[in-house]
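1. Dropping a prediction and its sequence here:
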Amino acid sequence: MLKEFKDFIMTGNVIDFAVAVIMATALGAVINGFVNNIVMPFVGHFTGGVDFADKKIVLDEAVINAAGEVTSPENAIMWGSWVNTIINLIIVGFIMFMIVKAYNKTKTPPEPEAPAGPTAEELLAEIRDALKK
């Protein structure tokens, strides 16, 4: 069973999948940094300085006791964070589209099929005609 597991792990598909997961994680970190540090400041600028990450609908305010300690945390719907996630998804989708498009351009086009030769009937007809002459 250990040999079968080793054979399974060492197949090209598993190795390719592992590399793809690692690359996707790294690409995700780069894209998150791009969205949070470059795109969202532009969005905030064009929406009048709004930072979506802080936008929320407070359902229950935080309860603070006399000593200034939070006894019950705030309960809020963080819709701004969700907007950031949607923007992130759109950017990730666009970047993945561009990567796949560039990859498809690098692939060699398939060889064109050779023109089909004459059929057996056509060859027999030519032989018959040649014999008649």
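-> Yep, it's here. The shown structure was predicted, so the numbers you read here are calculated from the model rather than taken from an experiment.
2. Quick check: what element follows whichever strand or helix holds residue 93 along the chain?
-> Of the helices and strands defined by DSSP states H and E, residue 93 is found in helix 79-106. Sequence order places helix 120-132 as the next helix or strand after helix 79-106, per DSSP H and E.
3. next one: that following helix to chain centre, how far?
-> Its chain's average C-alpha position is 59 Å from that of helix 120-132, according to C-alpha atoms, centre = their mean, to the nearest Å.
4. hang on, the earlier thing: other SSEs contacting the helix holding residue 93?
-> Applying 3 or more C-beta pairs under 8 Å, 6 or more residues apart in numbering; DSSP states H and E, we find helix 79-106 packed against helix 12-34, helix 40-46. Bear in mind the C-beta positions are built from the backbone N, C-alpha and C, glycine included.
5. And the shortest one, what does it pack against?
-> Yep, that's helix 40-46 we're talking about. Helix 40-46 sits against helix 79-106, with contacts defined as 3+ C-beta pairs under 8 Å, 6+ apart.
6. likewise the first one?
-> For helix 12-34, the packing partners by 3+ C-beta pairs under 8 Å, 6+ apart come out as helix 79-106.
7. average pLDDT for the helix it packs on?
-> Here the mean pLDDT over helix 79-106 is 84, rounded to a whole number.
8. got it, and stretch 23-36?
-> The predicted model gives stretch 23-36 an average pLDDT of 83.
9. swap in stretch 47-63?
-> 82.
10. before we move on, what about stretch 3-15?
-> Per-region confidence: stretch 3-15 scores 75 on mean pLDDT.
11. I'd like the helices and strands packed on helix 79-106 as TSV, with distance to residue 84 and mean neighbour count appended.
-> Rendered in TSV, the data for these read as follows (distance: least, C-beta to C-beta, whole Å; neighbours: other C-beta atoms under 10 Å):
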stretch	distance to residue 84	mean neighbour count
helix 12-34	10	11
helix 40-46	7	13
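12. Columns distance to residue 130 on top of these, output as TSV?
-> Listed next are the helices and strands packed on helix 79-106 as TSV, based on distance: least, C-beta to C-beta, whole Å:
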stretch	distance to residue 130
helix 12-34	54
helix 40-46	78
